[in-house]
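> Please find the sequence and the predicted model below.
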Amino acid sequence: MTNVTPTVVRLKLSLLRNGLRQSGGRRAAFVASAVIALLFAASQLLGLIALRGHAHIDAVAVIGTAVLALGWAVMPLFFPSGDETLDPTRLVMLPLRPRPLVRALLAASLVGIGPLFTLLLLLGCVLSVAHDAAAYVTAAVAVVLALLVCVALARAVAAANVRLLTSRKGRDLAVLSGLVIAIGAQLVNFGAQRLGAAGLGQLAPVADVLRWLPPASAVGAVHSVSEGSYGMATAQLLLTAGALVLLVAVWARSLTQLMTSPDGSTLQAAEPSGVRGRSSTGLGRLLPAGRTGTVMERSLRYVWRDPKTKAAWVTSLAIGLIVPVFNAIRGTGSLYFACFASGMLGIQMYNQFGQDTSAFWTVAMTISSARDAYVELRGRALALLVITLPYATLVTVLTTAMLGDWPRLPDVLGLSFALLGAMLATGAWTSARFPYSIPQEGYKNVAPGQAGLAWIAIFGGMVAAALLCAPVIALTIWLNVSANGDAWTWLLFPVGAAYGATITYLGLRMAAPRTAAHVPEILTAVSKG
């Protein structure tokens, strides 16, 4: 039987080469990312080697390997289009058996920047804990096993979820990758600060558990050999080898099912007749009657169903909570950091028509006057308030509870509501004045040639919102610095809420005539993606 491994490896190289030929920008991005990744990996390699002999370097090496494996496990879920060979169903028409296909795809997985990046980090991990000839020999075996486990883990996860990754839910998951990176960066930053204060010894309990979990057990085996524990090292290497065999077996089974079972998209979906006849939902019955309720329901459905709208909302919700809470945990935060939630959520009011894309024409057909435009904008603002008001309140109360500064809760809530109202007002005006298109495919959130509009709308609106909040900010400062001001700070809550409602109303009124007068221009601007 002909060995298909060289053919699949050449196919992987051809895919990489042909992808780089598509455009100069793609080549430049690939080269830049490769240089940055390899420089980072090389610096980590040198850093780990420089830490040889440190009391807790084994804990750093073991945990670093476990983090690498976790990255390989989640990579297919959040970046399904990063490697075209992750989808084996493209080879379904070829007369291939699972075992040779597994060998070929495993070899192809070792081609690319990711495997080279992982190899350099694994080398740094094993070299940092190897101290004699036997440990270096074990390190050579450990690096190969750990790298193969990482690659096989990614392949097994991809094969088990290939139907999901090629569906709309999979595209939603990929869009949310930016959220995972943002939250992960905050967690890494928080962990690094804690380690900087408490020392690397805090990692020892975690490393004691992970050194028995593959592929970190391979690095643990190198450390065990360095300490003369050859029996323990053998057990750890056998664990890693066993995990590799198990992953390959699971992967082969998933491949067999994929290559022999029909695709659900080719089967006619049978939908009960009762389901088709439903037009009213529980959400619609809870909302106001008329156009306002219709607009609110449409906007809320965008939040739930549109991938990019959903990603923007989830990111804002998460970061709006992370910033004040993490600062409160570190003991360096201020209660006014809770206003960050209102700022992040208020941004969702910006470019309201851009999320409609070319479907905005259905809205444009219903706008014939400034009154129609006002009702449309009001419905969108109310839909946003359904989420933002309780969430901003929750974040403020949670931050107050963590800091224990309950007397300042009313003025922070008032300032938060005033900021939210200012963001809604400026968001409505910039939506009418600087609309731009959001491409439905890919990761870009601005259509080519409209980046300047996006920058002006978002950052200009944020600066304007801060200026609009100046009266409430000035009142807050004055009450907090005056001698008898503490007795009157509770007034900031009703004053801030009333100010936010008033400024929102005025912003919608000012944006409505502009919207009604420039509907064709808005439709053209949001239809470019």
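Cool, the structure landed.
> Okay, domains of the chain per the record?
Here the domain parsing of the chain from automatic domain parsing is 5-261, 287-526.
> Counting neighbours, what do you get for residue 235?
For residue 235, the neighbour count with other Cβ atoms under 10 Å is 15. From N, CA and C alone the C-beta is placed, and that goes for glycine too.
> Where does it sit, in terms of helix or strand?
Per DSSP states H and E, residue 235 falls inside helix 230-260.
> For that helix, name the packing helices and strands.
Counting contacts by 3 or more Cβ pairs under 8 Å, 6 or more residues apart in numbering; DSSP states H and E, helix 230-260 packs against helix 98-109, helix 133-160, helix 216-226.
> hang on, the earlier thing: deepest in the core, which of the domains of the chain is it.
Neighbour counts (mean count of other Cβ atoms under 10 Å) averaged over each of the domains of the chain peak at domain 287-526, with a mean of 19.
> what is the mean pLDDT for that one?
Confidence over domain 287-526 (mean pLDDT, whole number) is 85.
> what does stretch 15-35 give?
Mean pLDDT, computed over stretch 15-35, is 74.
> Next, the distance between the ends of it.
Separation of the first and last residues of stretch 15-35 by Cα to Cα, to the nearest Å is 20 Å.
> now the strands for this protein?
In order along the chain, the chain carries no strands (DSSP state E).
> now what about stretch 208-215, what contacts it?
Outside stretch 208-215, the residues that touch it by Cβ atoms under 8 Å, 6 or more residues apart in numbering are 58, 62-63, 65-66, 68-69, 145-146, 149-150, 216-217, 219-220, 223, 236, 239-240, 242-244.
> I misspoke; the intended subject was stretch 101-112.
4-5, 7-9, 11-13, 16, 83, 85, 88, 91, 115, 147-148, 151-152, 154-155, 248, 251-252, 255.
> and if we set it to 6 Å?
Applying Cβ atoms under 6 Å, 6 or more residues apart in numbering, the contact partners of stretch 101-112 are 4, 5, 8, 9, 12, 85, 151, 252.
> What is the nearest of the residues you listed to residue 405?
For the contacts of stretch 101-112, the minimum distance to residue 405 (Cβ to Cβ) is 50.6 Å, reached by residue 151.
> quick one: the closest one and residue 40, what's the gap?
20 Å (Cβ to Cβ, to the nearest Å).
> For the stretch 1-150 of the chain, just list every one of the helices.
Assignment of helices within the stretch 1-150 of the chain using DSSP state H, counting those that start in this stretch yields the ranges 5-20, 24-50, 57-78, 98-109, 113-129, 133-160.
> among those helices, which gets the worst mean confidence?
The bottom spot among these, by mean pLDDT, belongs to helix 5-20, with a mean of 80.
> Distance of residue 506 relative to residue 429?
10 Å.
> repeat for residue 125
Applying Cβ to Cβ, the value for residue 125 to residue 429 is 54 Å.
> for residue 382, same thing?
In terms of Cβ to Cβ, residue 382 sits 17 Å off from residue 429.
> which one's the longest helix in this protein?
Using DSSP state H to define each element, the chain has its longest helix at helix 370-403.
> Run through the neighbouring helices and strands of it.
helix 291-305, helix 307-330, helix 339-346, helix 409-433, helix 492-517 (3 or more Cβ pairs under 6 Å, 6 or more residues apart in numbering; DSSP states H and E).
> Return the distance of the last one from the chain's centre.
Taking Cα atoms, centre = their mean, to the nearest Å, one finds the center of helix 492-517 at 32 Å from the center of the full chain.
> What is that helix packed up against?
In terms of contacts (3+ Cβ pairs under 6 Å, 6+ apart), helix 492-517 is packed against helix 370-403, helix 409-433, helix 470-481.
> Make TSV out of the ones you listed and add distance to residue 460.
Formatted as TSV, the helices and strands packed on helix 492-517 follow (distance: least, Cβ to Cβ, whole Å):
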stretch	distance to residue 460
helix 370-403	18
helix 409-433	7
helix 470-481	16
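> Out of those, the one nearest residue 31 is which?
Residue 31 lies closest, by Cβ to Cβ, to one member of the helices and strands packed on helix 492-517: helix 409-433, at 36.6 Å.
> Identify the residues contacting that closest one?
With Cβ under 6 Å, 6+ apart as the criterion, helix 409-433 contacts 335, 338-339, 342, 346, 349-353, 377, 381, 392, 396, 400, 457, 461, 464-465, 468-469, 472, 476, 489-490, 492-493, 495-497, 499-500, 503-504, 507-508, 511, 514-515.
> Direction-wise, compare that helix with helix 339-346 and give the angle.
Taking axes from the mean of the first three to the mean of the last three Cα atoms, to 10 degrees, one finds helix 409-433 and helix 339-346 inclined to each other by 20 degrees.
> Measure how helix 409-433 sits relative to helix 370-403, angle-wise.
150 degrees.
> any idea how far helix 409-433 is from the chain center?
For helix 409-433, the distance to the chain centre is 25 Å (Cα atoms, centre = their mean).
> Offset the numbering so it begins at 231, please.
Taking 231 as the first residue, the last one we looked at is helix 639-663.
> sorry, back to before: nearest to residue 284, of the helices and strands packed on helix 600-633?
helix 537-560 (25.6 Å).
> hmm, who's touching stretch 608-620?
With Cβ under 6 Å, 6+ apart as the test, stretch 608-620 has contacts from 522, 525, 526, 529, 530, 575, 578, 579, 582, 654, 738.
> switch the cut-off to 8 Å
Contacts to stretch 608-620, defined as Cβ under 8 Å, 6+ apart, come from residues 521-527, 529-530, 533, 543, 572, 575-576, 578-579, 582, 647, 650, 654, 658, 734, 738.
> Quick check: pLDDT value at residue 410.
Value for residue 410, per-residue pLDDT: 61.
> Pull the distance from stretch 538-545 to the chain's centre.
9 Å.
> Oops, could you answer that again for stretch 529-542 instead?
Stretch 529-542 has its C-alpha centroid displaced from the chain centroid by 14 Å (Cα atoms, centre = their mean).
> same check, this time on stretch 521-536
23 Å.
> what do you get for stretch 280-297?
Worked out by Cα atoms, centre = their mean, stretch 280-297 lies 28 Å from the chain centre.
> Ok, stretch 584-591 next?
Mean-position distance between stretch 584-591 and its chain equals 24 Å (Cα atoms, centre = their mean).
> And for stretch 602-619?
26 Å.
> What of stretch 590-603?
With Cα atoms, centre = their mean as the basis, stretch 590-603 stands 34 Å off its chain's centre.
> Contacts for that stretch next, please.
With Cβ under 8 Å, 6+ apart as the criterion, stretch 590-603 contacts 521, 583, 586, 606, 662, 741-743, 745-746, 749-750, 752-753, 756-757.
> hang on, the earlier thing: quick check: angle from the helix holding residue 465 to helix 446-456?
160 degrees.
> average model confidence for helix 460-490?
So the average pLDDT for helix 460-490 ends up being 88.
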